[in-house]
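>>> Here is the input, now give the coordinates:
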Amino acid sequence: MLTVHKMTLPDGTGLGVASLAKADGQFAWYRTNNPVHIQNNNQEPAPVAKTVVTTRSNKIFTAYLGATSNPNQTIATDKGVATPMIDQESGLFYYLE
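Purely as a prediction, here's the structure:
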């Protein structure tokens, strides 16, 4: 299982991806990469950061992270055009494949 989390960085807002693992009836959270610094500077198309995520069970995902003011934002991925999940309040978005 993956989770995308928002955090405050010294120079702004960051998005990170963590892997959740269950062992002995308890869950553990493992950060898979360093957080990505996100800026919403109203550029269109919105800049997208791409990072590869490997879970504790060695499954590999590609995460696309960014910020937009466009509620209908689409992004180009390795597999084509996709519609990311967008937090309407902050404009932060992610897409996993």
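
>>> Which residue ranges of the chain form helices?
Remark: no helices are assigned in the chain by DSSP state H.

>>> Low-confidence bits of the chain, can you list those?
Scanning the chain for pLDDT under 70 picks out 40-45.

>>> What is the longest strand of it by residue count?
Criterion DSSP state E: the longest strand present in the chain is strand 12-23.

>>> okay, which residue of the chain is out on the far edge from center?
Outermost residue of the chain with respect to the C-alpha centroid, by Cα atoms, centre = their mean, is D24; its distance is 28.2 Å.

>>> where does that residue sit relative to N34, distance-wise?
To N34, D24 is 28 Å away according to Cβ to Cβ, to the nearest Å. Bear in mind the C-beta positions are built from the backbone N, C-alpha and C, glycine included.

>>> what comes up buried for stretch 19-30?
Neighbour-count burial for stretch 19-30, with 16 or more other Cβ atoms under 10 Å as criterion, is recorded at S19.

>>> and what of stretch 86-97?
Those buried within stretch 86-97 under the rule 16+ other Cβ under 10 Å are 86, 91-96.

>>> got it, and stretch 30-40?
Within stretch 30-40, the residues scored as buried using 16+ other Cβ under 10 Å are 32, 35-36, 38, 40.

>>> The chain: strands as residue ranges?
With DSSP E as the criterion, the chain has strands spanning 2-9, 12-23, 26-31, 36-38, 48-54, 60-67, 75-77, 80-82, 85-86, 92-96.

>>> Report the angle between the first one and strand 12-23.
So that's strand 2-9. 140 degrees (axes from the mean of the first three to the mean of the last three Cα atoms, to 10 degrees).

>>> residues in contact with strand 2-9?
For strand 2-9, the external contacting residues (Cβ atoms under 8 Å, 6 or more residues apart in numbering) are 13-20, 29, 35, 37, 53, 55, 61, 63, 65, 87, 90, 92, 94, 96.

>>> Good, wrapping up.
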